[in-house]
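Asks: this one's structure only:
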Ligand SMILES: O=C(CO)[C@@H](O)[C@H](O)COP(=O)(O)O
């Protein structure tokens with residue numbers, strides 16, 4: 001059984017009390033803070049920059065997982081690394097040179113990942129697996145929290161799981177497989193069974209009054225998963 005990680009997306013937090021929301025969700029059992037960066041160009045929404053990452057960094061030792069939904073990406077990578085990001089992921093469509101952008105993230109001391117929109121083919125990871133620490137599959141179109149999980153993402157997860165497992169068996173290199181969009185208590189087990197090990201959940205956690213109860217309920221569902 002792989003370790004399962006829960007990554008609340010602060011996009012759904014009460015942003016007027018962002019610091020408290022980060023601390024509370026980590027106290028409630030979150031493993032990772034998922035930090036959605038949107039530029040109103042690559043996606044039709046606008047969120048946080050490196051100064052916000054820098055502001056929350058001293059509040060927690062949890063992993064900060066920065067998901068760049070911006071185009072272009074390279075200029076923001078050093079800024080987010082300096083602001084305390086641990087993981088930086090980006091969409092292959094948003095970089096002219098995917099290999100170079102991944103290398104840039106790693107040169108700045110962060111773990112690196114590629115993000116696949118629902119319609120983006122997985123083969124774009126094939127020749128850069130040595131530079132990947134994470135693969136993030138979007139199970140909604142990016143830009144907004146609170147959307148419905150796209151069921152085809154389950155097939156895509158199975159394919160990605162197979163590719164990653166084959167690569168890990170050959171090289172020993174670990175690559176996390178994260179899913180993002182529409183993850184809830186009632187579908188997390190099915191998503192894990194399809195291959196995800198890391199679960200972004202925004203509205204499912206921040207939309208409930210008791211974050212610990214929700215995260216505990218997710219872990220209870222994950223404990224039933226056989227893979
Ligand atoms: O990146 C995104 C949306 O673009 C996500 O991280 C959402 O923030 C997830 O929200 P829920 O679907 O869990 O409400």
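Replies: Cool, got the structure. All of these numbers come straight from a predicted model, not from anything done at the bench.
Asks: buried residues, stretch 213-227. List them.
Replies: Within stretch 213-227, the residues that count as buried by 16 or more other CB atoms under 10 Å are 214-215, 217-218, 221-222, 225. From N, CA and C alone the C-beta is placed, and that goes for glycine too.
Asks: now, these that are in helices?
Replies: By the criterion of DSSP state H, membership of the buried residues of stretch 213-227 in helices covers 214-215, 217-218, 221-222.
Asks: what residues does this protein have near the ligand?
Replies: 9, 11-12, 34, 36, 67, 140, 142-147, 180-183, 200-204 (CB under 6 Å from any ligand atom).
Asks: contacts for stretch 87-95 next, please.
Replies: Applying CB atoms under 8 Å, 6 or more residues apart in numbering, the external contacts of stretch 87-95 come out as 32, 42, 63-74, 77, 80-81, 98, 101, 105, 110-117, 120, 124, 133-134, 136, 142.
Asks: tell me the helices and strands packed up against the longest helix anywhere in the chain.
Replies: Counting by DSSP H, the longest helix found in the chain is helix 153-171. Packing partners of helix 153-171 (3 or more CB pairs under 8 Å, 6 or more residues apart in numbering; DSSP states H and E): strand 134-138, strand 176-180, helix 188-193.
Asks: including mean neighbour count, could these go into JSON lines?
Replies: What follows is the helices and strands packed on helix 153-171, written out as JSON lines (neighbours: other CB atoms under 10 Å):
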{"stretch": "strand 134-138", "mean neighbour count": "25"}
{"stretch": "strand 176-180", "mean neighbour count": "24"}
{"stretch": "helix 188-193", "mean neighbour count": "20"}
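Asks: much appreciated, bye for now.
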